[in-house]
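>>> sequence first, then the predicted structure, then my questions.
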Amino acid sequence: MRRSAFACALGCLMTVVLSACSSSPARPRATSIVAPVRLLTAPPQVIALANAFEDQFASGDYAVQWNELAPQAQAMWPSEVARSAMLTRKFAHAAVVSVTVGAPTFESTWTAPENPSSHAENVWSFPLEVNFADPAALRPAGVAALFSMTSLQIALDPASGTAEMLGEGPESLDAPIIVPASIPRVSLDVPILMYHLVDQIPPRSIEPSNYGWQLEIGLTTLPSAFDTQMAYLVSIHATSISLQHLADALLYGLALPPHPFVITFDDGRLSPWTNAVPVLRQDGFTAVFFPCTGLIGGKVGPQRYMTASELKNLATTGFSIEDHTINDNTDFFSAGAHTLDLLTNRTKGVLQNLTGDPIQFIAYTGVWPWPMSTQGTVQETSMFATLASYGYLGGVQDLRIDSATETSTAMWQLPRLRIGLTTGIGSLERWFRAQPS
């Protein structure tokens, strides 16, 4: 079979209240019987691992941590050596003084951050506070505080009684990115696929103008076509990664798995939730969703958008959320700092509060104003500097030309491949054929 089966069970607690009246003599009134509440307490070996793991992190003892990782966590990394080397580079100029481990909470299920088909049951989650020696010196601005939005997840092996680390908090692949003092020269071939609608062809009435309707059609991928595209990627053993994972490779030299690629969905439309997410969960592919904060839970004409609850669900089940401004209706390539604050900085805060996850990437609104990905002017350079001051690390583009011919040397100008009604398997084969196996 192409895909492994995926099952999810929900437990339900039901309270039933019965009342009766009769003409019989009054009886003593029955009192409610409430079952005793069992307070869950983390086993001592779980607490001990959480504290030891973060003490090792603060001391830079990354190699010692490897044998404390659960098999699912080890499988996310190329190797023990690659993990240690990446973390050493990442925190070389970001000295960690200490990590405060908070009180754990019990979670029924944990999902791997880049594999929505990989789960673990009966997990303890620990909040963290990471204290850096010089947090104000780290870039992008405010990144030090983002590490306290990460957490540890630990499971207890029922057979051996051994505690195993699942979610690595500040040490994970998807932890916040710190710009290093020097960036290695790395050449990567990682297609970034840009989806919008995964739905049937929109009706003519969706837009008042023919141009608007044609634009929507160009952004539409039929559900059957999306399924076929994902099946092809499964067949070549491709691996989807997050933008943070891509940054780990670009900035810290982390080796990527064979046929790496990034899936992105713009606007926060409902159709990807309905028609794409179940396929991604089945195939174990992660994706990056760029919702517009002003459209969350909304409806514009016949077009519906994901609710806050649905976005939060994605953020905790193997997907990531990044920023796409308020309504995707304002071209801010030539905007000043005040407009950028309204369209980006504030929306980033909304999404971080909603998901509880750091936001470091943005999908620009409108088509990139230059023919080539790497082209730009002083105005774009100023925009990048302003976005960096708000805490962003990079941005993804929508290009006028086939970005399969593009390369980029800047995190701010990551080219994407527009996927739509005319995208066939031949296009994917061409884009992925050039990759090293």
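Received, thanks.
>>> excluding sequence neighbours, find me the nearest residue to Glu68.
By the measure of Cβ to Cβ, 6 or more residues apart in numbering, the closest residue to Glu68 outside its immediate chain neighbours is Met165, 5.1 Å from it. The C-beta positions use only the backbone N, C-alpha and C, and glycine is treated the same way.
>>> quick one: average confidence on the helix or strand hosting the one you found?
When secondary structure is defined using DSSP states H and E, the element that contains Met165 is strand 163-168. The predicted model assigns strand 163-168 a mean pLDDT of 97.
>>> what about Ser187, neighbour count?
For Ser187, the neighbour count with other Cβ atoms under 10 Å is 7.
>>> just the pLDDT for it.
Turning to Ser187, the model gives it a pLDDT of 82.
>>> same thing with Trp77?
97.
>>> same thing with the one 4 residues further on?
Confidence per residue is given as pLDDT, and for Val81 that number is 98.
>>> roughly how far is the strand holding Met165 from the heart of the chain?
Here the centre of strand 163-168 is set off from its chain's centre by 19 Å, with Cα atoms, centre = their mean, to the nearest Å.
>>> what's the answer for stretch 374-388, then?
Using Cα atoms, centre = their mean, the distance from the centre of stretch 374-388 to the centre of the chain it belongs to is 25 Å.
>>> and the contacts of that stretch?
Residues from elsewhere that reach stretch 374-388, judged by Cβ atoms under 8 Å, 6 or more residues apart in numbering: 139-141, 332-335, 337, 340, 344, 362, 370, 395, 406-410, 412-413.
>>> in it, what counts as buried?
For stretch 374-388, burial by neighbour count (16 or more other Cβ atoms under 10 Å) applies to 376, 380, 383-384, 386-388.
>>> in strands, which of these appear?
Within the buried residues of stretch 374-388, membership in strands is found for no residue, as judged by DSSP state E.
>>> which of those residues sits closest to Val350?
Of all the buried residues of stretch 374-388, Val350 sits closest to Leu387, with 16.2 Å by Cβ to Cβ.
>>> can you pull the pLDDT of the closest one?
Predicted confidence (pLDDT) for Leu387: 95.
>>> in the stretch 251-400 of the chain, which spans are helices?
Under the criterion DSSP state H, counting those that start in this stretch, the stretch 251-400 of the chain contains helices at 270-271, 277-283, 308-315, 337-340, 346-355, 378-389.
>>> out of these, nearest to Trp431?
Comparing the helices of the stretch 251-400 of the chain by Cβ to Cβ, helix 277-283 comes nearest, at 17.9 Å.
>>> circling back: would a markdown table of the buried residues of stretch 374-388 with distance to Val97 be doable?
As requested, those are exported to a markdown table (distance: Cβ to Cβ, whole Å):
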| residue | distance to Val97 |
| --- | --- |
| Gly376 | 39 |
| Glu380 | 37 |
| Met383 | 34 |
| Phe384 | 31 |
| Thr386 | 30 |
| Leu387 | 29 |
| Ala388 | 25 |
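>>> just to revisit the earlier point, now list the buried members of the contacts of stretch 374-388.
139-140, 332-333, 335, 340, 344, 362, 370, 395, 406, 408, 412-413.
>>> the residues you listed in strands, which ones?
Mapping the buried ones among the contacts of stretch 374-388 onto strands (DSSP E) picks out 362, 395.
>>> between the buried ones among the contacts of stretch 374-388, which sits nearest His196?
The closest of these to His196 turns out to be Ile362 (Cβ to Cβ; 16.4 Å).
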